[in-house]
Each structure stands twice: as structure tokens, then as C-alpha cells.
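J.: Next one to model:
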Amino acid sequence: MSNEFEQMKSERRGLMIVLSSPSGAGKSTLTRKLLAGHENMTMSVSATTRRARSGEVDGKDYFFVSKTEFSDMLERHEFLEYAKVFDNYYGTPRGPVEEALAGGQDVIFDIDWQGAQQLTQAASDDLVKIFILPPSKRELEARLHTRAQDSEAVIAKRMAKSEAEISHWAEYDYILVNEDIDVALTELQTIVAAERMKRRRQLWLGPFVKGIIEGQ
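T.: The predicted structure is shown next:
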């Protein structure tokens, strides 16, 4: 009976977990650590018109497409959400996400507030939105310099944009201040565990309760 019960409990609909933050707040590190601790969790792979950075793999990190290809996908309604960021386009393909959710897999989205708004309109019942803040503006700038991925001009551009991004914090379900990565990760894992337990996501509960009522 125990094995049967555990199998029954595993029947749930997956979560769409949005993680947003200004660049440098630690979102990528938290995402990587969260994924490493969960087998039934996957990363949504976005399509983008920007060029691949060193080490990025097409189909794994992003689907790198031309602006013409992106436009064609948009016309065919193949995106759950899309946005223009720093003169490039990003979009989430619909098919792989819907398949993962139906199979009980959680899908993580690394998108900005614009994408989060679109996902709220498209799939609010499946959505959990989490915004990650740095402990201070000074620390945010220091992290951007430390990771050494961008030029000074790009860092300045990212810092200028961070205020607009942070201004949308109240649109999210949860706010994490990433001062200590281990503490922030624990808080993130707690959010995921609680959201998984919500009644509407436990597909097994209806038949289970019916069985109790009928004396099974």
C-alpha cells in the first residue's frame, strides 16, 4: 500500500517557476543549484536572435535563430511569451513547456518582468513568480564587474536598466534578497516545496478523497 500511495502522490501537474532579477543579482547561480537538486525539473530553453556567447550550445542554452525565423515563429503563435532586450528578441516556445507540465515536470523560466506579465496572462494557474534582489546597488555593480562577462559600457547599460527592472518587484509572488547564496537557495527550495503541495496541483487528491468517503 505504501508504494501505491507514493506512486499516487507523484501524480501532479508541474510548475512554471519564473525567476527574474537585474543582471548580477545571482539568478543564474540560484537556478543552476536548484536544478541540480531536483530530477523532475527542467530549464525552459528560449529562442533568441542574439549571437551565442563563448561556451553556449544551441538547443541547450538557447535556440539561436535569425530575426526572420523569430518573426515566423511569432506569426505561428509558437511562443508563450516574448520580449525585446538590448536590441535582441527572446521567446519561450510553447510546445516543450506544455509537454513537461503535463508530465509532472517543473519548468524554470529565466525571463524579465515583461515575460512574466505575458506568462501571467497565458498560464496564471501554473505560474509561480519569484524576483531576486541584490543586497544593495553597490553590491550589484561589484558582481557585474567580478563576473567579467561584459564591457564597461555594457555594465553601465545594465546598471541603468536595473532600476526599471527592480521597480516591478511588487508584481511577483515572492521576493528573495540574495545576500548569501546558501540562504537564498534554501528559501527558494522552500517556496518550490510549498507550491508543489498546493491542492490544485495534486492531481491524485480527488480520487484519493473519493476513496476515503466510499470506505476504500
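J.: Would you agree residue 188 is in contact with residue 30?
T.: Yes. Applying CB atoms under 8 Å, one finds residue 188 in contact with residue 30, separated by 5.9 Å. Every C-beta, even on glycine, is put in place using the N, C-alpha and C of the backbone.
J.: for the closest residue to residue 22 other than its chain neighbours, what are its contacts?
T.: Leaving aside its chain neighbours, residue 22 sits nearest to residue 162 (3.6 Å; criterion: CB to CB, 6 or more residues apart in numbering). By CB atoms under 8 Å, 6 or more residues apart in numbering, the contact list for residue 162 reads 22, 23, 24, 137, 140.
J.: how does it look with 10 Å?
T.: Shown in contact with residue 162 (CB atoms under 10 Å, 6 or more residues apart in numbering): 21, 22, 23, 24, 25, 134, 137, 140, 141, 144.
J.: Most neighbours of all the residues you listed, which one?
T.: Ranked by neighbour count (other CB atoms under 10 Å), these have residue 25 at the top, with 27 neighbours.
J.: what's the distance between that one and residue 70?
T.: Distance from residue 25 to residue 70, counting by CB to CB, to the nearest Å: 27 Å.
J.: give me the number of residues near the nearest residue to residue 41 once chain neighbours are set aside?
T.: Nearest non-adjacent residue to residue 41, counting by CB to CB, 6+ apart: residue 106, 4.4 Å away. The number of residues packed near residue 106 is 23, by other CB under 10 Å.
J.: Quick check: the farthest pair among the contacts of residue 162?
T.: Farthest-apart pair in the contacts of residue 162 is 21 and 141; separation 14.2 Å (CB to CB).
J.: Strands of this protein, start to end?
T.: 16-20, 41-43, 46-48, 62-64, 79-85, 88-93, 106-110, 127-133, 174-177 (DSSP state E).
J.: Format the ones you listed as TSV; extra columns: mean pLDDT and distance to residue 158.
T.: Shown next, in TSV, are the strands of the chain (pLDDT from 0 to 100; distance: least, CB to CB, whole Å):
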stretch	mean pLDDT	distance to residue 158
strand 16-20	95	14
strand 41-43	93	22
strand 46-48	93	17
strand 62-64	93	19
strand 79-85	88	11
strand 88-93	92	14
strand 106-110	93	15
strand 127-133	95	15
strand 174-177	95	19
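J.: Turn the ones you listed into JSON lines, columns for distance to residue 121.
T.: JSON lines is the format used below for these (distance: least, CB to CB, whole Å):
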{"stretch": "strand 16-20", "distance to residue 121": "13"}
{"stretch": "strand 41-43", "distance to residue 121": "22"}
{"stretch": "strand 46-48", "distance to residue 121": "18"}
{"stretch": "strand 62-64", "distance to residue 121": "23"}
{"stretch": "strand 79-85", "distance to residue 121": "9"}
{"stretch": "strand 88-93", "distance to residue 121": "13"}
{"stretch": "strand 106-110", "distance to residue 121": "14"}
{"stretch": "strand 127-133", "distance to residue 121": "10"}
{"stretch": "strand 174-177", "distance to residue 121": "19"}
